[in-house]
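Chemist: Sequence and computational prediction follow.
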Amino acid sequence: MTPPPALWLALLEASLALPSGTAAQPPPPLTLDVAPATGSLSFRIGDLLADPGLTEAVLSGLPLRITVRTELWRDRFIDGLVDQTTWYALLLYEPLEARLRLRISSSSAAERTLGSLEAAAQALRDTVSVDLRPDRPGRYYYVATLQVETLALSDLEELRRWLRGELGPAVSGEREPESAVATGLQRLLVRMLGLPNRRFEARTTAFEIHPTQPPRPGA
């Protein structure tokens with residue numbers, strides 16, 4: 001027996017009220033975008049401050065160091081690393097002034113003073129162009145790693161110098177060789193104390209860079 005139209009309408013309304021399996025998902029922590037013509041890369045960081053652990057760390061006055069390490073690989077039988085680069089940012093909350101300070105390790109990016117976590121999250125979501133691209137024809141792909149960590153207590157002096165405009169080892173990653181062991185112990189202590197430390201990885205699909213065709217005579 002065919003159900004009456006009123007029953008069909010009730011069934012339709014009930015189906016629309018059910019939770020959808022295609023509900024909007026939060027954006028990934030790290031998104032990579034390759035320009036088809038040149039193979040150049042840009043990345044976009046997701047909403048890191050939606051993570052309660054990171055938000056609590058920031059509001060507690062712990063500086064967050066955000067690192068995106070990008071590698072360009074040539075896709076062969078045995079893949080080969082072509083080049084790599086690293087982008088840094090530091091976010092620090094100053095409770096007395098109720099403001100956040102964001103600095104990015106780029107000569108063209110000045111320090112920014114922000115009035116809210118929402119403004120800081122939006123600033124971190126800006127699209128960043130990476131200074132990497134293939135320089136010859138071939139098949140390539142990118143791998144990028146996003147690392148978010150709190151600075152160890154012994155890094156705070158370097159942090160103060162960096163905030164004064166001296167891009168020291170705490171941000172540039174240029175440390176003396178003998179400090180490598182100490183750095184490892186500091187990070188182990190951070191993990192033991194339960195301080196936030198996040199790591200995400202993203203990879204593009206392989207793409208082709210074709211030889212440039214010379215112009216035809218008379219064109």
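Modeler: Noted; the coordinates are in hand.
Chemist: So what pairs up with Val148 in the strands?
Modeler: On the basis of DSSP bridges, Val148 is bridged to Ile66, Arg198.
Chemist: In this protein, where is pLDDT below threshold?
Modeler: 1-26, 106-110, 151-196, 213-219 (pLDDT under 70).
Chemist: got the residue ranges for the strands in the protein?
Modeler: Along the chain, counting by DSSP state E, strands occupy 30-34, 41-45, 64-74, 80-94, 99-104, 112-114, 128-130, 138-150, 197-203, 207-209.
Chemist: quick one, which of those is nearest to Gly53?
Modeler: Nearest to Gly53, of all those, is strand 197-203, at 8.1 Å by Cβ to Cβ. C-beta coordinates here come from the backbone N, C-alpha and C atoms, glycine included.
Chemist: Could you list the buried residues of the closest one?
Modeler: With burial defined by 16 or more other Cβ atoms under 10 Å, the residues of strand 197-203 counted as buried are Phe200, Ala202.
Chemist: go on, stretch 43-52?
Modeler: By 16+ other Cβ under 10 Å, the buried positions in stretch 43-52 come out as Phe43, Arg44, Ile45, Gly46, Leu48, Leu49.
Chemist: now the first one: how far from Leu114?
Modeler: Going back to what we said before, that points to Phe43. 21 Å (Cβ to Cβ, to the nearest Å).
Chemist: Kindly report the same for Asp131.
Modeler: In terms of Cβ to Cβ, Asp131 sits 26 Å off from Leu114.
Chemist: So between the two, which is more surrounded?
Modeler: Leu114 (18 against 11; other Cβ atoms under 10 Å).
Chemist: The more buried one and Arg99 touch, don't they?
Modeler: Yes. Counting by Cβ atoms under 8 Å, Leu114 does reach Arg99; the two are 6.7 Å apart.
Chemist: As TSV, the buried residues of stretch 43-52 with distance to Arg198 would be great.
Modeler: Formatted as TSV, those follow (distance: Cβ to Cβ, whole Å):
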residue	distance to Arg198
Phe43	16
Arg44	16
Ile45	11
Gly46	11
Leu48	8
Leu49	12
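Chemist: ok, of those residues, which one's closest to Pro95?
Modeler: Nearest to Pro95 out of the buried residues of stretch 43-52 is Leu49 (Cβ to Cβ; 16.3 Å).
Chemist: Now the closest one: closest residue in space, sequence neighbours ignored.
Modeler: If the residues on either side of it in the chain are set aside, Leu49 comes closest to Ala121, at 4.3 Å by Cβ to Cβ, 6 or more residues apart in numbering.
Chemist: check contacts around that neighbour.
Modeler: Asp47, Leu48, Leu49, Ala50 (Cβ atoms under 8 Å, 6 or more residues apart in numbering).
Chemist: ok, of those residues, which one's closest to Arg199?
Modeler: Arg199 lies nearest to Leu48 out of those, by Cβ to Cβ, at 12.1 Å.
Chemist: got a list of what that closest one touches?
Modeler: Listed by Cβ under 8 Å, 6+ apart, the contact set of Leu48 reads Pro29, Leu54, Ile66, Ala121, Leu124, Val148, Arg198.
Chemist: quick one: Phe77 from Glu208, how far?
Modeler: Phe77 is 16 Å from Glu208, by Cβ to Cβ.
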